[in-house]
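Q: got a predicted structure here, sequence first:
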Amino acid sequence: MKSPAKMLTDLVSRLAGARSALDELHDTDKTLRTMHEDLQAERRRLCGARPPKADLIAEAERQVDAIAAAWVAAHGPQLVDAIAGRVDASPAGVVRGIVEGNLLLVPFVFDVQALLALAPDPVKQSLRTIITGAEYAEGPPMSARAELIAAVDAKIADVEEQHSALVDQALALGIQLDLLDAVRSRRARAAYLAEVREHQARDLARTSRS
């Protein structure tokens with residue numbers, strides 16, 4: 001039989017081991033929470049970051065060209081007719097002269113679309129100057145965003161799965177750890193929907209019997 005001194009030594013050793021395991025459990029919880037927060041922040045950054053300036057300039061010029069082309073297609077013939085003038089002939093067909101064209105008679109509104117069509121190069125240069133001079137943190141190209149966000153989402157899902165397993169294992173040992181907010185919300189939502197479906201099934205069963 002162990003002596004009281006030996007029993008006390010063994011007890012202290014087990015308690016020390018339990019304390020160490022508990023500390024490790026909480027440290028893991030904290031680490032996973034920090035990872036989750038960092039990944040969520042990275043996802044927000046990817047969703048909201050402005051694109052590289054070079055990409056933004058290229059996109060601005062593409063839009064100028066597209067808008068200008070659409071304007072020309074819609075108003076080009078009217079512009080040509082106004083500038084060209086017309087032959088002035090009598091009802092009998094006798095040519096009396098040429099009516100000179102008048103650009104001021106073009107029947108269109110001088111708006112932004114017209115400006116882009118009439119002066120695309122100066123507008124592009126101004127846009128390049130403005131974008132180049134703007135101060136902002138450049139994010140990745142928009143063409144790469146979906147893939148990058150999907151990669152972050154996969155990491156978030158992995159961290160959530162690890163943390164949920166940690167919480168469940170801790171609970172089995174009688175230790176209470178809080179779920180991540182996103183996981184807790186999803187579980188609550190799933191439980192609510194399950195309850196709604198159960199009520200609907202019971203109502204349908206009662207209706208079928210009546």
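A: Yes, it's here.

Q: need the nearest residue in space to the residue nearest the centre of the chain, chain neighbours excluded.
A: Compute the mean C-alpha point of the chain, and by C-alpha atoms, centre = their mean the closest residue is residue 47, 3.5 Å away. Using C-beta to C-beta, 6 or more residues apart in numbering and skipping residues adjacent in sequence, the residue nearest residue 47 is residue 149, 6.8 Å away. (Glycine included, C-beta is placed from N, CA and C.)

Q: so the residue nearest to the centre of the chain touches residue 148, yeah?
A: No. Proximity of residue 47 to residue 148 does not meet the contact threshold set by C-beta atoms under 8 Å, at 9.9 Å.

Q: tell me which helix or strand comes right after the helix or strand containing the residue nearest to the centre of the chain.
A: Secondary structure assignment for residue 47, by DSSP states H and E: helix 4-48. For helix 4-48, the succeeding helix or strand toward the C-terminus, using DSSP H and E, is helix 53-84.

Q: buried sites along that following helix?
A: Residues of helix 53-84 classed as buried by neighbour count (16 or more other C-beta atoms under 10 Å): 55, 56, 57, 60, 61, 64, 67, 68, 71, 75, 79, 82.

Q: mean confidence (pLDDT) on it, please.
A: On average, the pLDDT along helix 53-84 is 92.

Q: for that helix, packing partners?
A: Here helix 53-84 touches helix 112-118, helix 120-133, going by 3 or more C-beta pairs under 8 Å, 6 or more residues apart in numbering; DSSP states H and E.

Q: tell me what the shortest one is packed against?
A: Spelled out, that is helix 112-118. Judged by 3+ C-beta pairs under 8 Å, 6+ apart, helix 112-118 is in contact with helix 53-84.

Q: and if you look at the last one?
A: Packed against helix 120-133, as judged by 3+ C-beta pairs under 8 Å, 6+ apart, are the following elements: helix 53-84.

Q: for the helix it packs on, what is the distance to the chain centroid?
A: Helix 53-84 sits 29 Å away from the centroid of its parent chain (C-alpha atoms, centre = their mean, to the nearest Å).

Q: helix or strand: which one has residue 148?
A: Counting by DSSP H and E, residue 148 is part of helix 142-172.

Q: flag every buried residue along that helix.
A: In helix 142-172, counting by 16+ other C-beta under 10 Å, buried: 148, 152, 156, 159, 160, 163, 164, 166, 167, 170.

Q: how about stretch 28-44?
A: Taking 16+ other C-beta under 10 Å as the criterion, stretch 28-44 shows 29, 32, 33, 35, 36, 39, 40, 42, 43 as buried.

Q: I'd say the first one and residue 165 touch.
A: No. With contacts counted by C-beta under 8 Å, residue 29 stays clear of residue 165, the gap being 11.6 Å.

Q: separation between residue 202 and residue 209?
A: Separation of residue 202 from residue 209 (C-beta to C-beta, to the nearest Å) stands at 11 Å.

Q: ok, the two, which is more surrounded?
A: Taking other C-beta atoms under 10 Å, residue 202 and residue 209 do not tie; residue 202 has more neighbours (10 against 6).

Q: between the host helix or strand of the more buried one and helix 142-172, how many degrees?
A: Assigned by DSSP H and E, residue 202 falls within helix 181-209. Computed by axes from the mean of the first three to the mean of the last three C-alpha atoms, to 10 degrees, the angle separating helix 181-209 from helix 142-172 equals 80 degrees.
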